[in-house]
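**Q** Sequence below, structure please.
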Amino acid sequence: MQTAREIMTTPVVTIAASATVAEAMRVMTEKHLRGLMVEPGGLEDSYGIVTNSDIVHKVAAAGKDPETVKIGEVMTKPCIEVDPEMTVQEVCQIFARNHLHRAPVIKGELMGVVTVADILRETMWWQG
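**A** A predicted model of the protein is given here:
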């Protein structure tokens with residue numbers, strides 16, 4: 001069975017926690033992404049994640065200004081990580097249990113991101 005390493009998306013687009021939500025929205029729009037990995041603040045820090053859903057629920061719906069709200073205020077941190085050697089089935093189980101659509105692939109360093117779209121693309125064996 002395939003592993004997370006084999007289906008992950010690379011390179012990973014990251015953003016600093018100090019960036020504004022408006023900056024993240026511009027990057028996500030330009031790169032056609034639904035989420036960005038948030039860079040650790042230091043060596044002992046972990047990655048975070050900010051998604052379009054975070055922006056809708058925590059900024060737009062709350063009537064906050066995306067030009068002033070920082071990513072660090074709306075991101076999820078720490079985020080659930082995937083080991084590169086996990087099977088696609090194991091990744092699917094993590095996604096289902098935690099209601100995830102994407103997760104970073106990390107083994108000492110950020111290697112990639114696995115998304116539901118990656119899983120679907122690689123498991124659509126019935127499409128020929």
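
**Q** Report the buried residues of the lowest-mean-pLDDT helix or strand in the chain.
**A** With mean pLDDT, DSSP states H and E as the measure, the helix or strand of the chain carrying the lowest mean pLDDT is helix 116-123 (a mean of 88). By neighbour count on 16 or more other Cβ atoms under 10 Å, the buried set for helix 116-123 is 118-119. Quick note: C-beta positions are derived from backbone N, CA and C, even for glycine.

**Q** Check which helices and strands that helix sits against.
**A** Packed against helix 116-123 by the contact rule (3 or more Cβ pairs under 8 Å, 6 or more residues apart in numbering; DSSP states H and E) you find helix 4-7, helix 88-98.

**Q** Need those helices in TSV (columns: distance to residue 68, mean neighbour count and mean pLDDT).
**A** Converted to TSV, those look like this (distance: least, Cβ to Cβ, whole Å; neighbours: other Cβ atoms under 10 Å; pLDDT from 0 to 100):
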stretch	distance to residue 68	mean neighbour count	mean pLDDT
helix 4-7	36	19	96
helix 88-98	30	15	96
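
**Q** can you put those in a markdown table and add distance to residue 82?
**A** Formatted as a markdown table, those follow (distance: least, Cβ to Cβ, whole Å):
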| stretch | distance to residue 82 |
| --- | --- |
| helix 4-7 | 5 |
| helix 88-98 | 6 |
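
**Q** Of those helices, give the one that comes closest to residue 75.
**A** Across the helices and strands packed on helix 116-123, residue 75 has its closest neighbour in helix 88-98 (15.9 Å, Cβ to Cβ).
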